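Enquirer: what shape does this take:
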Amino acid sequence: MTAARLVRRTDVATLRAQLASLRQQNRQLMALLQEAEQQARRDPLTGLLNRAGIDDAFGFAQSSWELALLDLDGFKQVNDEFGHAAGDTLLTAVAASLRDYPIAARLGGDEFVVAGRLPGGPPRYWPVQLPGGEVICIYATVGVTRVVIGDLAATLRQADAAMYRAKKAAPGSLLTHDPDLDDQPIRPRPRVRLRDQREAHR
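Expert: Coordinates of the predicted model:
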């Protein structure tokens, strides 16, 4: 009887140890899963939200917020003249200046989005030192619109229309969405870049 009790006690102790190990493994797997999900919603270069991330974050947008779409002017020339490392340095510098907004995302290429309370609009000018020591100044053309609650696509279209109008008027400027000027027949919005479609039709 004593031996049987000892065996059972040993079995219980072993099972408890195995259960504790499984719980630890489960916590580690959950942490890895959460990290993977977060990475899937982040731009790997800048750490800002990507398109999937802004889709999720937009659900928390408030009706008092505005959304700004920023398109960097001259970014392709920087890449062509100084190389992709310089372009990456520029993108990360721009991203760092936008990180504190409630929503900050890189849609791809040289397009960024911020949303929140935007008195005066987001930054539009950045002096950046490149890896080779050169200092360049980069500008963004910006379109701003009020958030359309529950409709990210419509909000982006309005900001895009305002930004496109600003780019035609004066690159590096900021314009706010105006329904009388901007609400033309809607062009489908690509998932990554807007400029490529525009230039293709010029």
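Enquirer: I'd like the distance between the spatially closest residue to A57 that is not a sequence neighbour and N79.
Expert: If the residues on either side of it in the chain are set aside, A57 comes closest to I103, at 4.9 Å by C-beta to C-beta, 6 or more residues apart in numbering. Quick note: C-beta positions are derived from backbone N, CA and C, even for glycine. In this structure, I103 and N79 are separated by 27 Å, where distance is defined by C-beta to C-beta, to the nearest Å.
Enquirer: quick one on the thing from earlier: ok, the residue nearest to A57 - contacts?
Expert: 49, 54, 57-58, 61, 67, 113-116 (C-beta atoms under 8 Å, 6 or more residues apart in numbering).
Enquirer: include pLDDT when you put those residues into TSV, please.
Expert: What follows is the contacts of I103, written out as TSV (pLDDT from 0 to 100):
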residue	pLDDT
L49	95
I54	94
A57	94
F58	95
A61	94
L67	98
V113	97
V114	98
A115	97
G116	96
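Enquirer: related to what we said a few turns ago, and the residue nearest to A57, what are its bridge partners?
Expert: Per DSSP bridges, the residues bridged to I103 are A115.
Enquirer: list the contacts for the closest residue to N50 other than its chain neighbours?
Expert: Nearest residue to N50, sequence neighbours excluded (C-beta to C-beta, 6+ apart): D43, at 4.7 Å. Taking C-beta under 8 Å, 6+ apart, we find D43 in contact with 49-50, 95, 105-106.
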